[in-house]
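1. the amino acid sequence is not available; the structure is as follows:
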């Protein structure tokens, strides 16, 4: 008797048998767990709020364009870039972080408004719509993330981990459901 390793057809067959009620929450939780484990190993806060909705989209709604790898990575980079650019142009980084102090200042409101507008506009132009990236934009505009190279690298790494692993699982689910 020979042992055969599972082929993609076998794997997609078994994945197709997993109901959405089990697949979606398990995969979303798994994606956050993986980025969290990487963060613990690296001693860096790689988990941040906008990764939750990204994992949610990839796990529950894998066929949506906004769940694709391109949209996820480019969307978050646009969100981060929009927040960084507007905070820098307005000088908003000198204002207290809303998330740390609970104090909302006019400069942080304007940074939020302009960064969201810029993020959405750039996403439309580049066909990279990814709604969770709006949260990344606001994390920078409201001061949750500082406009430093270190924090942009941490955010980028967190996005890449969820985007790449999420894309593999998203593709498996799409193939299994076809």
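-> That came in fine, so what should we check first? Quick caveat: nothing in here was measured; it's all calculated off a predicted structure.
2. next up, the contacts around residue 98.
-> By CB atoms under 8 Å, 6 or more residues apart in numbering, the contact set of residue 98 is 104-105, 108, 142-144. In this view, the C-beta of every residue, glycine as well, is placed from N, C-alpha and C.
3. out of these, which is nearest to residue 116?
-> The closest of the contacts of residue 98 to residue 116 turns out to be residue 142 (CB to CB; 11.1 Å).
4. tell me how far that closest one lies from residue 69.
-> Distance, residue 142 to residue 69, by CB to CB, to the nearest Å: 27 Å.
5. those two: who's more crowded?
-> Neighbours of residue 142 and residue 69, each counted by other CB atoms under 10 Å, are more numerous for residue 142; the result is 23 against 16.
6. any idea of the pLDDT on the more buried one?
-> We have a pLDDT of 98 for residue 142.
7. not counting sequence-adjacent ones, nearest residue to it?
-> residue 98 (4.3 Å; CB to CB, 6 or more residues apart in numbering).
8. repeat that for residue 74.
-> Excluding the flanking residues, the one nearest residue 74 by CB to CB, 6+ apart is residue 128, at 3.8 Å.
9. for burial, what's the neighbour tally of the one you found?
-> 23.
10. hmm, it is touching residue 76, no?
-> No - at 9.3 Å, residue 128 does not count as touching residue 76 under the criterion of CB atoms under 8 Å.
11. do a quick rundown of the helices in this structure.
-> Assigned by DSSP state H, the chain shows helices spanning 8-16, 20-42, 51-60, 69-90, 98-101, 106-125, 133-141, 149-177.
12. same for the second one, what does it pack against?
-> Same thing as helix 20-42. Helix 20-42 is packed against helix 51-60, helix 149-177, with contacts defined by 3 or more CB pairs under 8 Å, 6 or more residues apart in numbering; DSSP states H and E.
13. to residue 83, which of these lies closest?
-> helix 149-177 (9.8 Å).
14. and the pLDDT for the residue nearest to residue 85 when sequence neighbours are not counted?
-> Counting by CB to CB, 6+ apart, residue 118 is the residue found nearest to residue 85 once chain neighbours are left out, at 6.9 Å. Per-residue pLDDT puts residue 118 at 98.
15. likewise for residue 4?
-> pLDDT, read off for residue 4, is 57.
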